[in-house]
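1. Here you go, sequence then predicted model.
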Amino acid sequence: MFEEARRRDQQDSMADKRALFALPENCIYLDGNSLGPLPVAAKARATEVVEQQWGNDLITSWNKHSWITLPQRCGEHLAPLLGAKADQVICCDSISVNLFKLLCGALALQHGRTKIITTTDNFPTDVYIVQGIQQLLGEERCQLITVDETEIEAALNDDVAILLLTQVNFRTGNVLNMAKLTEMAHQHGILTVWDLAHSAGVLPLELDNCQVDFAVGCTYKYLNGGPGAPAFMYVAERHENAFIQPITGWMGHATPFTFSSSYTPHQSVSQSLTGTPSVISMSVLEASLEMWSDVDIHQVRQKSIELGEFMLNCMQHLQLTDTLPLASPLNPNQRGSQLAFKHDHAYAICQAWIAEGVIADFRAPNILRVGFAPLYISFQDIWTACEALQKIMQEKTYLQPEYQKKQTVT
Ligand SMILES: Cc1ncc(COP(=O)(O)O)c(C=O)c1O
Ligand SMILES: Nc1c(O)cccc1C(=O)C[C@H](N)C(=O)O
């Protein structure tokens with residue numbers, strides 16, 4: 001398998017992209033689906049923004065370095081990756097806050113319809129935000145309905161206001177069919193909101209072609225924007241005039257610097273902004289997004305699938321398949337850029353793997369999760385990681401007490 005890994009790395013047309021990242025030595029990083037590593041360009045931009053722009057040019061930087069248009073510029077970099085025409089994507093806040101804005105605004109467009117359907121196994125914040133809106137507006141104006149991923153289609157009817165779905169399940173990696181579900185929702189007059197946290201930067205997306213209404217996503221995973229990097233929002237052009245988000249801050253005003261005492265929404269996606277952009281984070285994000293200008297997302301997807309399939313072959317070769325059964329779909333086209341394995345000691349196995357220099361993550365209650373970020377992960381990384389895993393499983397090193405101790409953030 002090692003020879004095969006070496007051969008595939010030699011044939012990898014994306015192998016040169018690894019040099020764009022400041023990866024630590026002796027570390028195989030299989031957690032870019034939670035926090036992407038540091039791009040070299042982002043590190044340099046952080047220094048420039050802090051030392052030169054903030055340190056030296058001070059407040060003149062809003063104009064001199066165009067800080068004020070960072071949310072729109074980051075949106076422009078993202079749009080092609082999302083399959084969106086320009087002027088529909090903007091960077092701001094977090095997924096959670098952006099979901100609040102989109103869901104409230106979309107509910108208002110649905111005159112009298114109150115039901116928001118999402119999946120029971122969605123990432124919790126998506127569900128919590130709907131619960132919060134339900135509490136704020138009362139059940140007569142917002143009603144949360146959660147269904148199994150297999151029951152989504154059956155739950156769609158003319159009473160439903162919004163279908164809120166995460167395209168790639170954060171635990172299993174199962175991919176929902178965006179084109180089909182969006183079309184089915186529209187047949188019932190339902191608006192769709194897609195969470196692209198585990199899709200952006202790794203799955204080819206076609207928001208415009210799929211006629212998606214609204215979408216959110218984060219930039220700290222496969223897009224390498226850094227911890228807590230600003231999220232993004234997509235508002236389809238056809239909703240631009242009618243959609244009004246509820247956190248009507250001055251940055252969403254048509255003319256913020258007239259300091260008018262009454263709110264006039266910006267007639268563009270900029271209306272989705274609320275307050276001052278986090279300039280340092282967003283500048284770093286912009287440097288990371290610039291890396292994508294010559295990357296073919298279809299090639300990224302192809303390598304992601306190959307890495308996943310190669311890992312499954314290695315696991316089989318090393319006789320790990322029975323001890324670590326797959327919790328992800330077997331069909332690579334049906335899963336995102338990750339594999340999930342079930343084990344009662346998944347947490348401790350993950351800790352023992354980290355001690356061997358392989359960083360993956362644990363998702364409660366029993367999932368060992370591995371993410372594939374094709375720009376910097378090699379086939380040899382996968383083979384080396386699997387060999388380390390085999391040693392841990394054979395020697396049962398995960399039973400050592402030091403690996404059982406739970407940390408705050410897993
Ligand atoms: C599907 C999904 N939605 C939302 C979030 C988190 O959103 P936020 O940016 O608000 O922390 C995550 C991960 O943290 C996620 O996996
Ligand atoms: N956003 C995170 C954070 O602030 C701390 C730790 C992890 C995260 C994550 O992104 C978790 C991730 N969405 C997941 O799928 O598990």
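-> Here it is on my side, so go on. Numbers count the residues shown, from 1 in each chain. Ligands and ions are numbered 1, 2, ... in the order given.
2. which stretches of the stretch 201-350 of the chain have low pLDDT?
-> Applying pLDDT under 70 to the stretch 201-350 of the chain flags no residue at all.
3. Helices of that one, start to end?
-> 279-290, 297-317, 346-355 (DSSP state H, counting those that start in this stretch).
4. Ligand 1: which of those is closest?
-> Among the helices of the stretch 201-350 of the chain, the nearest to ligand 1 by C-beta to the nearest ligand atom is helix 279-290 (12.1 Å). Glycine gets a C-beta too; all of them are placed from N, C-alpha and C.
5. pull the CA atoms of the closest one into CSV?
-> C-alpha atoms of helix 279-290 as CSV (Å, rounded to 0.1, in the frame of the first residue of the first chain):
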residue,chain,number,x,y,z
VAL,A,279,-11.2,43.5,9.9
ILE,A,280,-8.3,41.3,11.1
SER,A,281,-10.2,38.0,10.6
MET,A,282,-11.6,39.1,7.3
SER,A,283,-8.3,40.3,5.9
VAL,A,284,-6.8,36.9,6.8
LEU,A,285,-9.8,35.2,5.2
GLU,A,286,-9.3,37.2,2.0
ALA,A,287,-5.7,36.0,1.7
SER,A,288,-6.9,32.4,2.1
LEU,A,289,-9.7,32.8,-0.4
GLU,A,290,-7.2,34.3,-3.0
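6. name the helices or strands packed onto it?
-> helix 40-47, helix 70-82 (3 or more C-beta pairs under 8 Å, 6 or more residues apart in numbering; DSSP states H and E).
7. so of those helices, which one's packed in deepest?
-> helix 70-82 (a mean of 22; mean count of other C-beta atoms under 10 Å).
8. For the residue of the stretch 201-350 of the chain found nearest ligand 1, give its distance to residue 227.
-> Closest approach between the stretch 201-350 of the chain and ligand 1, counting by C-beta to the nearest ligand atom: residue 218, at 4.7 Å. Counting by C-beta to C-beta, to the nearest Å, the gap from residue 218 to residue 227 is 11 Å.
9. Compare those two (neighbour count), which wins?
-> In this view residue 218 and residue 227 are compared by other C-beta atoms under 10 Å, and residue 218 has more residues nearby, 23 against 9.
10. what lines up beside the longest strand belonging to the chain in the sheet?
-> Looking across the chain with DSSP state E, the single longest strand is strand 160-166. Using DSSP bridges, strand 160-166 pairs in its sheet with strand 115-119 (parallel), strand 191-195 (parallel).
11. Determine how far the first one lies from the middle of the whole chain.
-> Looking back up the chat, that one is strand 115-119. The chain centroid and the centroid of strand 115-119 are separated by 20 Å under C-alpha atoms, centre = their mean, to the nearest Å.
12. Helix or strand next in line after that strand, which one?
-> In the C-terminal direction, the helix or strand that comes right after strand 115-119 (DSSP states H and E) is helix 124-137.
13. Within range of ligand 1, give me the residues from this protein.
-> Proximity of the chain to ligand 1, by C-beta under 6 Å from any ligand atom, involves residues 94-96, 123, 125-126, 166, 170, 195, 197-198, 218, 231.
14. Can you tell me which of those residues are buried?
-> Among those, those classed as buried by 16 or more other C-beta atoms under 10 Å are 94, 95, 96, 123, 126, 166, 170, 195, 197, 198, 218, 231.
15. Rebuild those residues as a markdown table, extending it with distance to residue 355.
-> A markdown table is the format used below for these (distance: C-beta to C-beta, whole Å):
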| residue | distance to residue 355 |
| --- | --- |
| 94 | 32 |
| 95 | 31 |
| 96 | 33 |
| 123 | 28 |
| 126 | 33 |
| 166 | 32 |
| 170 | 25 |
| 195 | 33 |
| 197 | 28 |
| 198 | 26 |
| 218 | 28 |
| 231 | 33 |
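16. Which one of those is nearest to residue 181?
-> The nearest member of these to residue 181, counting by C-beta to C-beta, is residue 166 at 11.7 Å.
17. Spit out the contact partners of the closest one.
-> If you count contacts by C-beta atoms under 8 Å, 6 or more residues apart in numbering, residue 166 has them with 119, 122, 123, 126, 176, 194, 195, 196, 197, 198.
18. and the protein, which residues reach ligand 2?
-> So the chain meets ligand 2 at 34, 123, 170, 197, 363, 409 (C-beta under 6 Å from any ligand atom).
19. 8 Å instead?
-> 33-35, 123, 170-171, 197-198, 218, 220-221, 227-228, 361, 363, 369, 409 (C-beta under 8 Å from any ligand atom).
20. For the contacts of residue 166, work out which two are farthest apart.
-> 119 and 196 (14.9 Å).
21. Same drill for these two, tell me which one is more crowded.
-> residue 196 (27 against 23).
22. check contacts around the more buried one.
-> Residue 196 neighbours (C-beta under 8 Å, 6+ apart): 82, 166, 167, 205, 215, 216, 217.
23. re earlier: could I get the helices of the stretch 201-350 of the chain as TSV with mean neighbour count and distance to residue 324?
-> Shown next, in TSV, are the helices of the stretch 201-350 of the chain (neighbours: other C-beta atoms under 10 Å; distance: least, C-beta to C-beta, whole Å):
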stretch	mean neighbour count	distance to residue 324
helix 279-290	22	32
helix 297-317	18	7
helix 346-355	23	8
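24. about what we covered before: most tightly surrounded among the strands paired with strand 160-166?
-> strand 191-195 (a mean of 25).
25. what sits up against it?
-> Strand 191-195 is contacted from outside by 95, 99, 102-103, 106, 109-110, 122-123, 126, 161-167, 178, 181-182, 185-186, 207, 212-217, using C-beta under 8 Å, 6+ apart.
26. Compute the distance between residue 227 and residue 278, please.
-> Taking C-beta to C-beta, one finds residue 227 at 12 Å from residue 278.
27. what about residue 44, distance to ligand 1?
-> 25 Å (C-beta to the nearest ligand atom, to the nearest Å).
28. For the spatially closest residue to that residue that is not a sequence neighbour, give me its contacts.
-> Spatial nearest neighbour of residue 44, chain neighbours left out: residue 287 (7.2 Å); criterion: C-beta to C-beta, 6 or more residues apart in numbering. By C-beta under 8 Å, 6+ apart, the residues touching residue 287 are 39, 41, 42, 44, 45.
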